[in-house]
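Asks: only geometry, no sequence info:
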Ligand code: 5U1
């Protein structure tokens, strides 16, 4: 009979039920109900209780299993070598303890060499190659039995159906992670939204959902990628002696491995790598949730062996959780620069990765409806890098009896003007325009921001104060501010006021692209402003351009072109530009590149479809280097359209306008021009 009290017994039972339920949601339904951090906490609590009361450990406890049962929809595959999971370290101390366990177990006195790499947030898979040919692919499933996803894996362009080289193992079972880049995920969700199809909450769910499609034609359309990180079986081949050599071997066979992987020494080496990857994290194209360290020497790995769920020679060092649950107390609507109303969740404050979060974006009403968020709900919020925290989903199991639906206001909460919703647009907007002080404030903040006019010291709070006290109305008023006006403001000394006037003076000399960006034209970000500035010789030309002409600028489509034309049609905007120029805003006139003598000077090309020998960006750069312009859309002034594989509407338009169409081979000849 166990010495545990009935409370402990009850708690263990409850934890097991909860974990089993979340395993099912995560592995079988691809719909995690709680953040990973919360799952980890439940799992750890159960592990601790079981460690304290070993007599209560039962064979069916989730701590004794790797995952959940695979779905029955696919043929099942028994893994010859089980696919185990990884132990976790949530702090530097836990990493140090892991390293100590490793050293103690093999009586190692020196620094251990580890192979380190990012831990991707994707789906673990196993691929079996026989005599170099891809025979079968399977999910990890419960670690012993997975699902046969061969047809789906074959749709991933970077998975070799045949291994590279002549010398290859007779059998190779290789493991890796299937994932989706954040860009691929966003594009896919946009398309799904337009088609009224299922939207995924994050790239991991999207990758899992795509891979477990019963119809592989659907998988083929999904932007899936893969990195391989380990080997289960290697037959009739010289076994490398280290994990890092194993990765090189995989690469030489044509299997993609993560280029971020490195060999590091001891705990300090691991921590340096961890901090480095942590800094890079937001700039990596895919989501990661930590890094993995593996003892590099394969013989030492053998010696260390396994313990129940995981190898003793590897560990996942997790980043601080980016998701947490909290309660949604209220929703307020913020008015942005273009009048867009953004619902903002007011939350019960919660610590997410070291920062207290009490507000998060709910994006727009469509998202609120899609996620079925209500006031009073327990919600999962995510905070990643510099981006504004967002409400990811609702924990439906925790929905209280009484919740309140979120309603879009009919009047702007700031100026009282009517709120209008345009069909096909997810956002609702305040119709007050520059009558609305919120829109004016945001326009001025944008104008002064670092990538625009870069007015040092003119922060958001100060701008709000200046507008609230009617000292300024529009951006041009900034250049008529006097030191005395600023110095009279609360918490503003003479010196700060002087500095701001100095910064305003300095900002008057700028560049055309910064000025275009600062105007805050809808959908004209930094890159578009740069494209516009380098395409048009001066501001007047841009202001007079019609939609057709604008669409010949790289990356400018009909929507942006329309916004630009609309902006410059408004009398009020023209007056402000005039007043800014009168105040002394200036920029150097753009030096026309002396490209007249270049072989493709005066020619304009449009690139479309997929090129096989180079990317479109490379082709663009090469054409530009020869003096050509590369436009984003086809018009009468296009010299020729260069069409790669799967070219679509641009090719059709070229044909309808009688514009010459060149192949990739023609492009190569063109690029060889002396
Ligand atoms: N990058 C990486 N992810 N990952 C996951 N390596 C790696 N290794 C794993 C797992 C489950 O397992 C082996 C250490 C067995």
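Replies: Yep, that arrived. Treat the numbers as computed from the prediction; the structure is a model and nothing was measured.

Asks: list the contacts for residue 156?
Replies: Shown in contact with residue 156 (Cβ atoms under 8 Å, 6 or more residues apart in numbering): 178, 224-226. All C-beta spots, glycine's among them, are computed from the backbone N, C-alpha and C.

Asks: Which residue is the nearest non-sequential neighbour of residue 252?
Replies: Once flanking residues are discounted, residue 252 sits nearest to residue 165: 6.4 Å by Cβ to Cβ, 6 or more residues apart in numbering.

Asks: Give me the pLDDT value at the residue of the stretch 101-250 of the chain found nearest the ligand.
Replies: Going by Cβ to the nearest ligand atom, the ligand is nearest to residue 229 of the stretch 101-250 of the chain, at 3.8 Å. Looking at residue 229, its pLDDT is 97.

Asks: Which PyMOL command selects the buried ones in the contacts of residue 156?
Replies: In PyMOL syntax, the buried subset of those is picked out as below (16 or more other Cβ atoms under 10 Å):
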select buried, resi 178+224+225+226
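
Asks: need the contacts of residue 156 in CSV with pLDDT, distance to residue 195 and secondary structure, can you?
Replies: CSV is the format used below for these (pLDDT from 0 to 100; distance: Cβ to Cβ, whole Å; DSSP: H, G, I helix; E, B strand; the rest coil):
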residue, pLDDT, distance to residue 195, secondary structure
178, 97, 23, strand
224, 93, 19, strand
225, 93, 22, strand
226, 95, 26, strand
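
Asks: Redo the contacts of residue 156 as JSON lines? Include distance to residue 481.
Replies: Formatted as JSON lines, the contacts of residue 156 follow (distance: Cβ to Cβ, whole Å):
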{"residue": "178", "distance to residue 481": "56"}
{"residue": "224", "distance to residue 481": "54"}
{"residue": "225", "distance to residue 481": "52"}
{"residue": "226", "distance to residue 481": "57"}
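
Asks: where in the stretch 101-250 of the chain is pLDDT low?
Replies: The model of the stretch 101-250 of the chain has no residue with pLDDT under 70.

Asks: Please verify my assumption that residue 38 contacts residue 324.
Replies: Yes: assessed by Cβ atoms under 8 Å, residue 38 is found in contact with residue 324 at 7.5 Å.

Asks: Can you tell me the closest non-neighbouring residue to residue 468?
Replies: Spatial nearest neighbour of residue 468, chain neighbours left out: residue 437 (7.4 Å); criterion: Cβ to Cβ, 6+ apart.

Asks: ok, the one you found touching residue 416?
Replies: No: counting by Cβ under 8 Å, residue 437 sits too far from residue 416 to count as a contact (11.0 Å).

Asks: Are there residues contacting both of these two? Which ones?
Replies: Taking Cβ under 8 Å, 6+ apart as the contact criterion, no residue touches both residue 437 and residue 416.

Asks: Would you mind telling me which of these two has the busier surroundings?
Replies: Legend: neighbour count by other Cβ atoms under 10 Å for residue 437 and residue 416, higher for residue 437 (17 against 13).

Asks: Could you look up the SS state of residue 429?
Replies: Put simply, residue 429 is strand when judged by DSSP: H, G, I helix; E, B strand; the rest coil.

Asks: Now for it, how many residues are close by?
Replies: Close neighbours of residue 429, defined as other Cβ under 10 Å, add up to 22.

Asks: from memory it sits against residue 337, does it?
Replies: No: using Cβ under 8 Å as the test, residue 429 is too far from residue 337 to be in contact (10.9 Å).

Asks: right, and the residue of the stretch 101-250 of the chain closest to the ligand touches residue 117 too?
Replies: Yes: with contacts counted by Cβ under 8 Å, residue 229 reaches residue 117, the gap being 6.4 Å.

Asks: Residues in contact with both of the two, list them for me.
Replies: 258, 261, 292.

Asks: Hmm, residue 225 and the first one touching each other?
Replies: No: in this structure residue 258 lies outside contact range of residue 225 using Cβ under 8 Å: 10.7 Å.

Asks: Now the residue nearest to residue 252: phi and psi?
Replies: Here is the backbone geometry of residue 165 (degrees, to the nearest 10): phi 90, psi 170.

Asks: wait, isn't it in contact with residue 253?
Replies: Yes: contact status for residue 165 versus residue 253: in contact at 6.3 Å, counting by Cβ under 8 Å.

Asks: Between those two, which is the more surrounded one?
Replies: Remark: of residue 165 and residue 253, residue 253 carries more neighbours, 21 against 9, as counted by other Cβ under 10 Å.

Asks: Could you find the closest non-adjacent residue to the more buried one?
Replies: Nearest residue to residue 253 in three dimensions, chain neighbours excluded: residue 163, at 4.4 Å (Cβ to Cβ, 6+ apart).

Asks: who in the stretch 51-200 of the chain is up against the ligand?
Replies: 84-86, 117, 119, 124, 177 (Cβ under 6 Å from any ligand atom).

Asks: of all those residues, which two lie farthest apart?
Replies: 84 and 117 (17.2 Å; Cβ to Cβ).

Asks: what about the two, which has more around it?
Replies: The neighbour count for residue 84 versus residue 117, taken as other Cβ under 10 Å, is higher for residue 117 (24 against 18).

Asks: who's in contact with the more buried one?
Replies: Shown in contact with residue 117 (Cβ under 8 Å, 6+ apart): 229, 258, 260-262, 291-292.

Asks: Just say helix, strand or coil for the closest residue to residue 172 other than its chain neighbours.
Replies: Once flanking residues are discounted, residue 172 sits nearest to residue 129: 4.5 Å by Cβ to Cβ, 6+ apart. Under three-state DSSP, residue 129 falls in the strand class.

Asks: Correct me if wrong: residue 129 contacts residue 171.
Replies: Yes: using Cβ under 8 Å, residue 129 makes contact with residue 171 at a distance of 7.3 Å.

Asks: out of these two, which sits in the busier spot?
Replies: Neighbour totals were compared for residue 129 and residue 171, and residue 129 leads with 23 against 17 (other Cβ under 10 Å).

Asks: Does residue 4 fall in a helix, a strand, or a coil region?
Replies: coil.

Asks: Now go through the contacts of residue 117 and say which are in helices.
Replies: Using DSSP state H, no member of the contacts of residue 117 falls in helices.

Asks: farthest pair in the residues you listed?
Replies: Maximum pairwise distance in these, criterion Cβ to Cβ, is 13.2 Å, between 229 and 262.

Asks: The two: which has the busier surroundings?
Replies: Shown here are residue 229 and residue 262; by other Cβ under 10 Å, residue 229 has more neighbours (24 against 17).

Asks: Number of residues surrounding the residue lying closest to residue 586 once chain neighbours are set aside?
Replies: In this structure, residue 586 finds its nearest non-sequential neighbour in residue 509, 5.9 Å apart by Cβ to Cβ, 6+ apart. Look at residue 509: counted by other Cβ under 10 Å, it has 11 neighbours.

Asks: Backbone dihedrals for residue 509, both of them.
Replies: Note on residue 509: backbone dihedrals following degrees, to the nearest 10 are phi -90, psi 110.

Asks: From residue 587, how far off is it?
Replies: Distance, residue 509 to residue 587, by Cβ to Cβ, to the nearest Å: 7 Å.

Asks: Check residue 657 too.
Replies: Looking at residue 657 against residue 587, where the rule is Cβ to Cβ, the gap reads 35 Å.

Asks: neighbour-wise, which of these two wins?
Replies: residue 587 (17 against 12).

Asks: and the more buried one, what does it touch?
Replies: With contact taken as Cβ under 8 Å, 6+ apart, residue 587 is in contact with 509-512, 514-515.
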